[in-house]
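Visitor: Got a predicted structure plus its sequence, pasted below:
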There are 2 protein chains.
Amino acid sequence: MIIERWVPLVGWLRRYNRELFSRDALAAVIVTLMLVPQALAYALLAGLPAEMGLYASMLPLVLYAIFGTSASLAVGPVAVAALMTASALSGFASPGSPEYIGAALVLASLSGIILIAMGVLRLGFLVNFLSHPVISGFITASGILIAVSQLKHILGVEASGHNVIDLLVALMSQWQQVNMTTLLIGLGVWGFLLVCRKRLNTWLTAIGISASTAGLVVKAAPISAVVVTTLLAWGLNFEKRGVDLVGAVPSGLPAIALPSLNSSLWFGLLPAALLISLVGFVESVSVAQTLAAKRRQRIDPNKELIALGMANVGAGVSGGSPVSGGFSRSVVNFEAGSATPLAGAFTAFGIMLSTLILTDLLAFLPTATLAATIIVAVGTLIDLPAVKRTWQYSRSDGVAMATTLMLTLIHSVEVGIISGVALSLGLYLYRTSQPHSAVVGRVPGTEHFRNVKRHQVITDDSLAILRIDESLYFANARYLEDTVMALAARAPTLKHIVLTCQAVNLIDASALESLEAINARLKDAGAELHLAEVKGPVMDRLKHTHFCQELTGKVFFTTFDAWQALAQPNELIAPSLPIKV
Amino acid sequence: MIIERWVPLVGWLRRYNRELFSRDALAAVIVTLMLVPQALAYALLAGLPAEMGLYASMLPLVLYAIFGTSASLAVGPVAVAALMTASALSGFASPGSPEYIGAALVLASLSGIILIAMGVLRLGFLVNFLSHPVISGFITASGILIAVSQLKHILGVEASGHNVIDLLVALMSQWQQVNMTTLLIGLGVWGFLLVCRKRLNTWLTAIGISASTAGLVVKAAPISAVVVTTLLAWGLNFEKRGVDLVGAVPSGLPAIALPSLNSSLWFGLLPAALLISLVGFVESVSVAQTLAAKRRQRIDPNKELIALGMANVGAGVSGGSPVSGGFSRSVVNFEAGSATPLAGAFTAFGIMLSTLILTDLLAFLPTATLAATIIVAVGTLIDLPAVKRTWQYSRSDGVAMATTLMLTLIHSVEVGIISGVALSLGLYLYRTSQPHSAVVGRVPGTEHFRNVKRHQVITDDSLAILRIDESLYFANARYLEDTVMALAARAPTLKHIVLTCQAVNLIDASALESLEAINARLKDAGAELHLAEVKGPVMDRLKHTHFCQELTGKVFFTTFDAWQALAQPNELIAPSLPIKV
């Protein structure tokens, strides 16, 4: 039982059968076809040798199959993690150098350890502080940044930088060095992939090919581009024309080895590893939950943390780059019918076979082909209209999203996401520090009370019922004092002020002191303070305080009880009253 | 009019008359008697020459009188600001050196500019994020730290450090160097001041002296200790016995001069200046508001920011240390009947006269006398039982308070207060990320709905009314999904789930996406999602969203409306039900 708790595989493997196997195997074949070019491309994006993308697609997938709870999540190298890896490592070594590769292995291991620790300590809730708009802005910016960073491979020039401005400046300074053969390959593959994605499915079904076969052909488009351009490069001797090729890839499987134990490197990479872990986890859990819900399954976020952590540790000890759950591959995996996490292990087997067969050929693969693959793939990440939609619904969400997006583009991924999180928390705190409040009156013929400015309600000159629409805590304690005292000052006929607390989920020590001050000041002014609709947990705490002993008025169960006890109501009056808050 | 808005003096000076003058003048005499020894003592505490405390009690008080809105706030050197000044400057120069003094002037000017900028930009709300428990823990720790830091003057030894541990270790290593004459003076003054504070008032009134005269005599105790020990030091030639004396003080008034314009110094002192500004402002506004409320007056926090800022800039250009509103002096000022801010200007005049008369005598004042004055004065700041009281009311407030207190004591003032603020914000965010929620039922015979676990209510098997006690935002969006889906999973008979939103003050973009997901999943499960009691501002936003078009159920005005439309109620049942959240 305890083993099953930590190793979900043990639980469901008992019920594994031939039908589940054939579904998993089919999904694995399709995902393998997608993953080979992506693994190579994302290694390139991270500034790592091509084989590290393949290595990241073997052991990590097997480990995820053992510890994971999602039947659909396709783990492996992903674009955003590759971008963040490149950004994180740029401060430690030059891309492609042995130190750079060593640092990448440390980064993967460290991300893995962080994820496992978060899972064991049940810290999964931390990702809740990455809001949807921040993540969405970050992903869109990452997509743009990745696409721009790949233009150099399409153009056949050198250009580096970690934001869009640096990259574009570097590209423009190189425009005279553009390699025309490279450009032709790049644009050719780009166009081919775009046409496949937008039209091929329709064409194939039009000529009578079944939808599932057509889907499979479309998904195999990138790998066919890889095969065709590799053969062209070999046959036409592109290397002589200055076309950048992937070059010699070590044949065979990765060796298992501990990463460097240089402590200053581990400490230096800690912040980047934390960000990669959090972003990777949020994305993986989102896609896994979405897909699980479609089949009425549930995934366990804390187990997912451990499984993704194991996968990253696996990458770190088997020569792979950091891994995460990929969005598009997971959807394909799901649609292809994957039934258990074993589909991922079968994919790992497929990648292993491909590696053994392909390594000699890969030497001739043009990097422009991979760059075009990346650009087309990240197109699905970019969602600029979302900024406008979010802004229309909520100004603060829109601002947080736009800030994350802009800073990621023009500064760096780290600054972009950290600023976004800080801004969204700051805006939330600011908003709760100046809560909405309303003087309410009785809706005629009911026991219900609503804002005097919005509804036709009955009121009473000697009684003000104030609804504060926020928990009372230190950030708004002073605001509460100001609001109540301003209300008392503007309506000298007031004898009773009722604070109706249906929206008050908490009264902290600072707010309690403010309530004591309000009670004392109203007493001096000859008015009584009452409370109504105080929630159970809030009342439990208030009961034993000095405030409750000193309270000049009463605590009523409902607002209506307070009304019946205290009001001599005026006639029904229209919205807009002398008492305003 | 515009002048009056920025210079409150212009407004009330027209109504100034002889009666107000005599009240202000009397208050000024009493405050001057208190302020002379405090000004000297706090300069000593800040590691500055004695005259800087006196200079900080002249121009700044005049400027506050022009720009301030509190009739009672007594501005000048205060203990906590002096402690923070010493801590801030320790990184820049050795105490007492010309660089140290120059840095103190920069610190005062910088605090002033920050306060003025906050006032002009209306950023006064920022201080709301310093919660009562954090401030209270910080002030108690500062009191302890100040008292411990003064022990060296009582013992006549050298010892430095910016936390209690360093100070105590340094003191213990010096125990053999203790100067017995210094110790006698220190303990003598300490004992004398304690007796005066605790008993003198009772004794004097017992022998028939009027309460107001007795109060005045008690307040003059520190200055009489200064006079007596100065005369003793002069007559008995204490200097020969190794007693540390204040030494030569320049006679006359301060010169007006711009502080150093070294930009690296200004940038280096910025964080410390910000903390001193915020803490000083919070303390000043708290005491000013408390005293103003007693006379049914109001103060304007944004004008106070500008006035305190002007006072600090005044200190910076006239050779004074940073200033703030002092708690005990303000209370004395209030009780002595100060009627307008001019009482402060008159106090400045009193300090000026004292400076002109006293400078020759001050050379003989033992620092042990000042140290004893400080220790007795900060005794009123220390409130350790508050930690227990706060903890009993609220665990998180107690933790924030204890953390601030401990870190200030054992690390430093900066780390203490910053950790306290970060922790209190973090705990608040954590709490809102896991909101309380309750399934509610109808209280029999009313339109009121309460928690099924706490109250005897009527429920219905096909209908669950869920009250979420928090605004719905990114940090709890996922939690909301989990709560609703768990409710749906445990009660398969459910046909309707009503979210009653009386406590929901905000639905942000992340929560909106979660609501869309909940609606879609419940639809798949054959249940409808309804909303009730959605507040005006929240509904205004929801109206135009995709969510509202897709919503399977309705938006009801009240929970009771939803109940009437959807329920086939069971009989009244006792608390504790199968449906639990």
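Guide: That came through fine.
Visitor: beta partners for A:V555?
Guide: Here A:V555 sits in beta bridges with A:L531, going by DSSP bridges.
Visitor: That one contacts A:A532, correct?
Guide: Yes - with contact defined as CB atoms under 8 Å, A:V555 reaches A:A532; the gap is 7.4 Å. Every C-beta, even on glycine, is put in place using the N, C-alpha and C of the backbone.
Visitor: now A:N262, nearest residue through space, not along the chain?
Guide: A:V106 (7.7 Å; CB to CB, 6 or more residues apart in numbering or on different chains).
Visitor: Just the buried residues of stretch A:473-485, please?
Guide: Within stretch A:473-485, the residues that qualify as buried are A:Y473, A:F474, A:A475, A:N476, A:A477, A:R478, A:Y479, A:L480, A:E481, A:T483, A:V484, A:M485, counting by 16 or more other CB atoms under 10 Å in any protein chain shown.
Visitor: In contact with the residue lying closest to the first one once chain neighbours are set aside, which residues are there?
Guide: Excluding the flanking residues, the one nearest A:Y473 by CB to CB, 6+ apart is A:D508, at 4.4 Å. Residues counted as contacts of A:D508 (CB atoms under 8 Å, 6 or more residues apart in numbering or on different chains) are A:L472, A:Y473, A:F474, A:A477, B:S131, B:S394, B:S396, B:D397, B:Y428.
Visitor: ok, now A:L308?
Guide: A:Y64, A:G68, A:V75, A:G112, A:L115, A:G280, A:F281, A:S284, A:V323, A:S324, A:G325.
Visitor: Out of those residues, the closest to B:P95 would be?
Guide: Among the contacts of A:L308, A:L115 lies closest to B:P95 (CB to CB), at 48.9 Å.
Visitor: A:I299 - that's part of a strand, no?
Guide: No - using DSSP: H, G, I helix; E, B strand; the rest coil, the secondary structure at A:I299 is coil, not a strand.
Visitor: Quick one: neighbours of it, just the number.
Guide: 21 (other CB atoms under 10 Å in any protein chain shown).
Visitor: A:I185 now?
Guide: So A:I185, with other CB under 10 Å, has 27 neighbours.
Visitor: Quick check: the gap between it and A:L155.
Guide: The gap separating A:I185 from A:L155 is 11 Å, by CB to CB, to the nearest Å.
Visitor: Spatially nearest residue to A:N333 (excluding sequence neighbours)?
Guide: A:A74 is the one closest to A:N333 (CB to CB, 6+ apart), at 4.5 Å.
Visitor: Strands of chain A, start to end?
Guide: In chain A, the strands defined using DSSP state E lie at A:74-76, A:324-326, A:437-442, A:449-451, A:457-458, A:463-468, A:496-500, A:528-532, A:555-556, A:572-573.
Visitor: which residues does the residue nearest to A:V313 when sequence neighbours are not counted contact?
Guide: Leaving aside its chain neighbours, A:V313 sits nearest to A:G112 (3.5 Å; criterion: CB to CB, 6+ apart). A:G112 is in contact with A:L308, A:G309, A:M310, A:A311, A:N312, A:V313, A:G314, A:A315, A:G316, counting by CB under 8 Å, 6+ apart.
Visitor: Hmm, A:A56 and A:I351 touching each other?
Guide: No - between A:I351 and A:A56 there is no contact under CB under 8 Å: 9.4 Å.
Visitor: what sits in contact with each of those two?
Guide: With CB under 8 Å, 6+ apart, A:I351 and A:A56 have common neighbours A:A39.
Visitor: mind showing which ranges of the stretch 451-581 of chain A have poor pLDDT?
Guide: Across the stretch 451-581 of chain A, the ranges flagged by pLDDT under 70 are A:569-581.
Visitor: which residue ranges form the helices in it?
Guide: Using DSSP state H, counting those that start in this stretch, the helices assigned to the stretch 451-581 of chain A run over residues A:474-490, A:509-524, A:536-542, A:546-550, A:559-566.
Visitor: so what secondary structure elements neighbour the longest one?
Guide: In terms of contacts (3 or more CB pairs under 8 Å, 6 or more residues apart in numbering or on different chains; DSSP states H and E), helix A:474-490 is packed against helix A:413-433, strand A:463-468, strand A:496-500, helix A:509-524, helix B:132-155, helix B:413-433.
Visitor: how about the second one against chain B, any contact?
Guide: No - under the criterion of CB under 8 Å from any CB of the partner chain, chain B is not reached by strand A:463-468; the shortest gap measures 8.9 Å.
Visitor: what about that strand, distance to the chain center?
Guide: 41 Å (CA atoms, centre = their mean, to the nearest Å).
Visitor: picking up where we left off before, save the contacts of A:D508 as JSON lines, and put in distance to B:S412 too.
Guide: As requested, the contacts of A:D508 are exported to JSON lines (distance: CB to CB, whole Å):
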{"residue": "A:L472", "distance to B:S412": "32"}
{"residue": "A:Y473", "distance to B:S412": "27"}
{"residue": "A:F474", "distance to B:S412": "23"}
{"residue": "A:A477", "distance to B:S412": "27"}
{"residue": "B:S131", "distance to B:S412": "20"}
{"residue": "B:S394", "distance to B:S412": "26"}
{"residue": "B:S396", "distance to B:S412": "24"}
{"residue": "B:D397", "distance to B:S412": "23"}
{"residue": "B:Y428", "distance to B:S412": "25"}
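Visitor: Which residues does stretch A:401-418 contact?
Guide: In contact with stretch A:401-418 (CB under 8 Å, 6+ apart) are residues A:83-84, A:87-88, A:130, A:133-134, A:136-138, A:140-142, A:144-145, A:162-165, A:271-272, A:275, A:279, A:386-387, A:390-391, A:419-420, A:423.
Visitor: Extract the C-alpha set from it and format it as PDB.
Guide: Presented in PDB, the C-alpha positions along stretch A:401-418 are these (Å, rounded to 0.1, in the frame of the first residue of the first chain):
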ATOM      1  CA  MET A 401      -0.200  40.100 -18.500                       C
ATOM      2  CA  ALA A 402       1.100  42.900 -20.600                       C
ATOM      3  CA  THR A 403       3.900  43.600 -18.200                       C
ATOM      4  CA  THR A 404       5.000  40.000 -18.100                       C
ATOM      5  CA  LEU A 405       4.900  39.800 -21.900                       C
ATOM      6  CA  MET A 406       6.800  43.000 -22.500                       C
ATOM      7  CA  LEU A 407       9.500  42.400 -19.900                       C
ATOM      8  CA  THR A 408      10.000  38.900 -21.100                       C
ATOM      9  CA  LEU A 409      10.400  40.200 -24.700                       C
ATOM     10  CA  ILE A 410      12.600  43.200 -24.000                       C
ATOM     11  CA  HIS A 411      14.500  42.100 -20.900                       C
ATOM     12  CA  SER A 412      14.700  38.400 -20.100                       C
ATOM     13  CA  VAL A 413      12.600  35.400 -19.200                       C
ATOM     14  CA  GLU A 414      13.500  35.600 -15.500                       C
ATOM     15  CA  VAL A 415      12.800  39.300 -15.100                       C
ATOM     16  CA  GLY A 416       9.500  38.900 -17.100                       C
ATOM     17  CA  ILE A 417       8.000  36.200 -15.000                       C
ATOM     18  CA  ILE A 418       9.200  37.500 -11.600                       C
END
